[in-house]
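Peer 1: what would the 3D arrangement of this be:
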Amino acid sequence: MKIRCSWMGVIGVCLTAGLFAQSPVHSTHNYHLPDSVAARYLNHSLADARSLALKLTAPFSTEHEKYRAIFRWVCANIRSDYQLYAKVKQLRKRYQSDPVSLAIWNQKINHQMYEQLREKRSTVCTGYAYLIRTLAEHAGIACQLVDGYARSSQANLGGPGIPNHSWNAVRIDSVWYLSDATWASGQVYGQDGYFIPNFNESYFLVLPATFVHSHYPLDTAHLFLSDKPALTDFLNAPLVYAASYDYALHAVQPTTFFMMVDKGENVQFKVKQEGGIPIHKLALHVNDGEVTSIEAGCDENESTYNLTHAFTSRGIVAVHVVADGRPVFSYRIRVR
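Peer 2: The predicted model follows:
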């Protein structure tokens, strides 16, 4: 069930990845060796997680390379299970007003989930994060499983928010990063949830200040930020894609996903770049059509860009800021 009329992504936040490029956080690292070791153990049994972790990490002396081999193996060998995702989503919604029953059910479904993970190599976000943590701990790497809110075109766009996702916090060389193996592993398509493996580099190691634009933990200690944004600000912000990580782009204006404007009113979309890979063209798309663009260039002194558009037709439109053909932010605008 991919939305074709816009850049709004693929159904199911626990089943989707963003778009593809290399994150500036780790662009200086060469991952050929850890990636090749991960490939060497394709389809390795999960019956002995400690043995697998040692095989993946024994050739390396740095935590960075060890974690890379683990992360790459999980993304290459585990597939997202849409049917399980749909079942978990439905039952959690049923029990959301009964925390005691929800806790009992969670314990039961988690056991079933981990058994399926070992036997069938398929799971949902919690299974991905659990396996990453297990392998990392066997390798002596500090790693935590984090539960919280993730945003996509299908979830957590405004409103009170629903906890719907799990990911990992990992400490590499005394620095905490966030990573999301579910979103990095591939995409789910169609009504039946057909999973297509497609590794996404962008969600491997992300700095907390960047990760918070798309993931918000239940325990704010897992933000790893001294200046913690409010959950309401997170839920109402523009929708953010993986490309924003790679270009180190931040939405300055507008600051909310939902907007109401008058017909004919000039609306300014302002973004700021702080590092990241160079942008050559920044464009504004309304639905699927480009309406305005600028040549961004590589001038280090020109890091703030403005795109202005006047909406001439009434109705609800999807608006996307696009860098070099890759969406970075989306908005839903009602033109009155």
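
Peer 1: how about the helices in the stretch 151-300 of the chain?
Peer 2: 181-185, 208-211, 231-236, 242-247 (DSSP state H, counting those that start in this stretch).

Peer 1: quick one: closest of those to residue 137.
Peer 2: Comparing those against residue 137 with CB to CB, the closest turns out to be helix 181-185 (15.0 Å). C-beta: built from backbone N, CA, C; applies to glycine.

Peer 1: and the closest one, what does it pack onto?
Peer 2: If contacts are counted by 3 or more CB pairs under 8 Å, 6 or more residues apart in numbering; DSSP states H and E, helix 181-185 sits against helix 63-77, strand 79-80, helix 125-138, strand 165-172.

Peer 1: lowest-confidence stretch among these?
Peer 2: Sorting the helices and strands packed on helix 181-185 by mean pLDDT places strand 79-80 lowest, at a mean of 86.

Peer 1: buried set for the helix or strand just after that one?
Peer 2: Next along the chain after strand 79-80, taking DSSP states H and E as the criterion, comes helix 82-95. For helix 82-95, burial by neighbour count (16 or more other CB atoms under 10 Å) applies to 82, 84-85, 88-89, 92.

Peer 1: just stretch 173-191 next, same as before
Peer 2: Within stretch 173-191, the residues scored as buried using 16+ other CB under 10 Å are 176-189.

Peer 1: most remote residue from this protein's center?
Peer 2: Most distant from the centre of the chain: residue 264, at 35.0 Å, with distances by CA atoms, centre = their mean.

Peer 1: hang on, that residue packs against residue 311?
Peer 2: Yes. Counting by CB atoms under 8 Å, residue 264 touches residue 311, with 7.4 Å between them.

Peer 1: residues in contact with stretch 72-81?
Peer 2: Applying CB atoms under 8 Å, 6 or more residues apart in numbering, the external contacts of stretch 72-81 come out as 14-15, 31, 34-35, 38-39, 41-44, 52, 56, 116-117, 120-124, 127-128, 131-132, 135, 181-182, 184-186, 188, 193, 195, 197, 199.

Peer 1: same question, stretch 116-133
Peer 2: Contacts to stretch 116-133, defined as CB under 8 Å, 6+ apart, come from residues 14-15, 46-47, 49, 70-71, 74, 77-81, 84-85, 88, 110, 113-114, 143-147, 165-168, 170, 179, 181-182, 185.

Peer 1: if I pick the closest residue to the residue farthest from the centre of the chain other than its chain neighbours, what's in contact with it?
Peer 2: Excluding its sequence neighbours, the residue lying closest to residue 264 (CB to CB, 6 or more residues apart in numbering) is residue 310, at 5.6 Å. Going by CB under 8 Å, 6+ apart, residue 310 touches 264-267.

Peer 1: phi and psi next, for residue 310.
Peer 2: phi -110, psi 120 (degrees, to the nearest 10).

Peer 1: for residue 36, same thing?
Peer 2: Dihedral angles for residue 36 - degrees, to the nearest 10 - are phi -70, psi -30.

Peer 1: re earlier: could you turn the buried ones of the contacts of stretch 72-81 into a ChimeraX selection?
Peer 2: Listed next is the ChimeraX selection for buried residues among the contacts of stretch 72-81, using 16+ other CB under 10 Å:
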select :14,15,31,34,35,38,52,56,116,117,121,122,123,124,127,128,131,132,135,181,182,184,185,186,188,193,195,199
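
Peer 1: what's the neighbour count on residue 154?
Peer 2: A count of nearby residues for residue 154, using other CB atoms under 10 Å, gives 17.

Peer 1: low-confidence regions, the protein specifically.
Peer 2: Applying pLDDT under 70 to the chain picks out residues 1-28, 92-93, 95-97, 99, 102-103, 105-107, 109-111, 190-191, 297-302.

Peer 1: show me the domain layout of it.
Peer 2: Residue ranges for the domains of the chain, per automatic domain parsing: 24-236, 244-335.

Peer 1: just those domains: most buried one?
Peer 2: Of all the domains of the chain, domain 24-236 has the most neighbours on average by mean count of other CB atoms under 10 Å, namely a mean of 18.
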